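>>> Need coordinates for the following:
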Amino acid sequence: MKRDIILSGVGGQGILSIAAVIGRAALEDGLHIKQAEVHGMSQRGGDVQSNLRISSSAIRSDLIPRGAADLIVSMEPMEALRYLPWLADDGWVITGITPLINIPNYPEGETLRRELEKLPHAVVLDADAVAKAAMAPRSANMALLGAAAPLLGIDAAKLESGIRAIFARKGGQVVETNLAAFRAGYEAAQKQTKP
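Model prediction:
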């Protein structure tokens with residue numbers, strides 16, 4: 001088993017929480033992981049990106065080469081498109097569709113949507129709406145993680161265990177809210193993720 005995953009978004013969207021949950025679940029599954037993070041200037045709306053490599057055998061580098069990523073998981077559509085050069089030909093993009101307009105020349109939403117529709121393997125999710133419908137409006141990142149779950153190669157129960165571990169210090173209600181968002185994202189993406 002091997003998954004090379006690029007996680008991307010804008011500062012404050014919870015990208016690093018997604019990485020922490022996946023990493024915890026992978027370790028629980030007995031897998032090797034390496035992670036390299038690039039933190040943007042979140043106070044200024046900068047991009048946040050993380051390379052996450054998971055494998056059943058040893059991993060030599062923490063960086064994903066161009067054209068080798070199995071998945072791009074992005075909270076934001078423009079950030080998903082930014083990392084397409086790293087996506088393998090048979091790779092998947094799982095992205096939120098709600099733009100976070102943080103630059104003056106941000107592309108129009110319809111332009112982004114058309115570009116995403118051209119991709120052969122994509123799950124485009126309104127993660128904000130899915131999280132709100134699950135009564136978890138601050139957990140859009142966990143809804144997006146749920147949408148990506150079928151493609152991660154890690155059992156969903158282990159991902160849920162990772163959510164419990166990562167959010168435990170914030171209390172039981174926060175854990176349950178994040179689990180609800182994760183499950184709602186998982187269900188919402190089922191029709192789009194048949195590899």
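
>>> Mind telling me what element the most centrally placed residue in the chain is part of?
For the chain, the residue sitting closest to the mean C-alpha position, by C-alpha atoms, centre = their mean, is V73 at 3.4 Å. Applying DSSP states H and E as the criterion places V73 in strand 69-74.

>>> what's that strand packed up against?
Using 3 or more C-beta pairs under 8 Å, 6 or more residues apart in numbering; DSSP states H and E, the elements in contact with strand 69-74 are strand 2-10, strand 87-96, helix 140-152. All C-beta spots, glycine's among them, are computed from the backbone N, C-alpha and C.

>>> which ones are touching the residue nearest to the centre of the chain?
Neighbouring residues of V73 by C-beta atoms under 8 Å, 6 or more residues apart in numbering: I5, I6, L7, S8, I18, I94, T95, L144, L145, A148.

>>> in whatever helix or strand L27 lives in, what counts as buried?
Taking DSSP H and E as the criterion, L27 maps to helix 15-28. By neighbour count on 16 or more other C-beta atoms under 10 Å, the buried set for helix 15-28 is 15-26, 28.

>>> Tell me which helix or strand comes right after the helix or strand bottoming out on mean pLDDT in the chain.
The weakest-scoring helix or strand in the chain, judged by mean pLDDT, DSSP states H and E, is strand 32-38 (a mean of 84). Sequence order places strand 47-55 as the next helix or strand after strand 32-38, per DSSP H and E.

>>> what packs against that next one?
Going by 3+ C-beta pairs under 8 Å, 6+ apart, strand 47-55 lies up against strand 2-10, helix 15-28, strand 32-38, helix 77-82.

>>> Was I right to think N141 contacts V10?
No. Judged on C-beta atoms under 8 Å, N141 makes no contact with V10 at a distance of 11.4 Å.

>>> Compare these two (neighbour count), which wins?
N141 (26 against 22; other C-beta atoms under 10 Å).

>>> can you list the helices and strands packed on strand 69-74 in TSV and add mean pLDDT and distance to I163?
Formatted as TSV, the helices and strands packed on strand 69-74 follow (pLDDT from 0 to 100; distance: least, C-beta to C-beta, whole Å):
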stretch	mean pLDDT	distance to I163
strand 2-10	93	15
strand 87-96	97	17
helix 140-152	96	7
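
>>> any chance of the ones you listed in a markdown table, with distance to E108 too?
Rendered in a markdown table, the data for the helices and strands packed on strand 69-74 read as follows (distance: least, C-beta to C-beta, whole Å):
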| stretch | distance to E108 |
| --- | --- |
| strand 2-10 | 18 |
| strand 87-96 | 16 |
| helix 140-152 | 22 |
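
>>> about what we covered before: look up how far A136 lies from the residue nearest to the centre of the chain.
Distance of V73 to A136, given as C-beta to C-beta, to the nearest Å: 18 Å.

>>> got it, and A26?
When A26 is compared with A136 (using C-beta to C-beta), they lie 24 Å apart.

>>> now swap in I166 and tell me
Using C-beta to C-beta, I166 is found at 15 Å from A136.

>>> same question, L52
With C-beta to C-beta as the criterion, L52 and A136 are 23 Å apart.
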